[in-house]
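Participant: this is a predicted model, with the sequence first.
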Amino acid sequence: MANLKNEIRSNDSRDTSVARVDMKLEVVVIPVSDVDRAKGFYGGLGWRLDADFASGDDFRLIQFTPPGSGSSVQFGTNVTSAAPGSAQNLYLVVSDIEAARDELVAVGVGVGEVFHEGTRGARFGTDGRVNGPASDHASYRSFVTFSDPDGNRWLLQEVTTRLPGRGLSMDVATLTELLRETEKRHGEYEPTAPKHHWSGWYAAYIVARENGRTPDGAAEDAALRIEGARARVPG
């Protein structure tokens, strides 16, 4: 389980004079040679089919989203000039590397063994890999690879606790801990707070924590959110 106290520090030093607009990675385009074959492959993984539309014979776009992912992949006809199979080492983060591998095997995907790096960078090639997960399943250090029918290669990486400044691993245990932390922090704010609904403060606090703010920073963001909203109320 992620330890929220150790999760995030680096964003506390952010320059608050610089406006921040979220730029969220939404889609990665992967090159394929046979659109229907690729559709069957990614659908077989259990990924969500978001779109499949075409315009005549010259354009078709398909989008899938992996389970739990905020980002998607697209492929199709005339959506990229890259050579089919040239997308390599696209990361998929999982919380349990062995369970994720088992799921791929169960749906018939040719998948490599779990490994960790004996030498830095081994994840990108074949030399320097050591069979089996990293000691104690150390976060970020265990991998599995598989490829789609065109050879686009995916790299599964086990992440159980994110490094400081990289947000939270939003599993059930971490979310439970975060909700308890949010409740405590809101309780500290409420006696001196203007009239507000708790949900607004909770939402602002959780989003701030997910974006890498420390508890103190997130509490500041949530208070500003409430007090800013109150200042905008006419009357």
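Facilitator: Received, thanks.
Participant: list the contacts of the residue most central in space within the chain.
Facilitator: In the chain, the centroid-proximal residue (CA atoms, centre = their mean) is residue 69; its distance is 5.5 Å. Residues in contact with residue 69, defined by CB atoms under 8 Å, 6 or more residues apart in numbering, are residue 92. Yep, even glycine has a C-beta here, placed from its N, CA and C like the rest.
Participant: burial measure for the closest residue to residue 42 other than its chain neighbours, as a count.
Facilitator: In this structure, residue 42 finds its nearest non-sequential neighbour in residue 64, 4.5 Å apart by CB to CB, 6 or more residues apart in numbering. Look at residue 64: counted by other CB atoms under 10 Å, it has 23 neighbours.
Participant: that's a strand at residue 64, yeah?
Facilitator: Yes. With DSSP: H, G, I helix; E, B strand; the rest coil as the criterion, residue 64 is part of a strand.
Participant: coming back round to it: per-residue pLDDT, the residue nearest to the centre of the chain?
Facilitator: Per-residue pLDDT puts residue 69 at 88.
Participant: got the phi and psi for it?
Facilitator: Backbone torsions of residue 69, given as degrees, to the nearest 10, read phi -90, psi 140.
Participant: could you check how far it is from residue 198?
Facilitator: According to CB to CB, to the nearest Å, residue 69 and residue 198 sit 30 Å apart.
Participant: what sits up against the lowest-mean-pLDDT helix or strand in the chain?
Facilitator: Lowest by mean pLDDT, DSSP states H and E among the helices and strands of the chain is helix 215-231, with a mean of 85. The contact list for helix 215-231 (CB under 8 Å, 6+ apart) reads 4-5, 11-12, 181, 185-186, 188-189, 193-196, 200-202, 204-206, 208-209, 213.
Participant: residues contacting the closest residue to residue 78 other than its chain neighbours?
Facilitator: Leaving out its chain neighbours, the residue that sits closest to residue 78 by CB to CB, 6+ apart is residue 59, at 5.3 Å. The contact partners of residue 59, by CB under 8 Å, 6+ apart, come to 76, 77, 78, 79.
Participant: helix/strand/coil for the first one?
Facilitator: The one in question is residue 76. strand.
Participant: is it bridged to anything, and to what?
Facilitator: Under DSSP bridges, the beta-bridge partners of residue 76 are residue 61.
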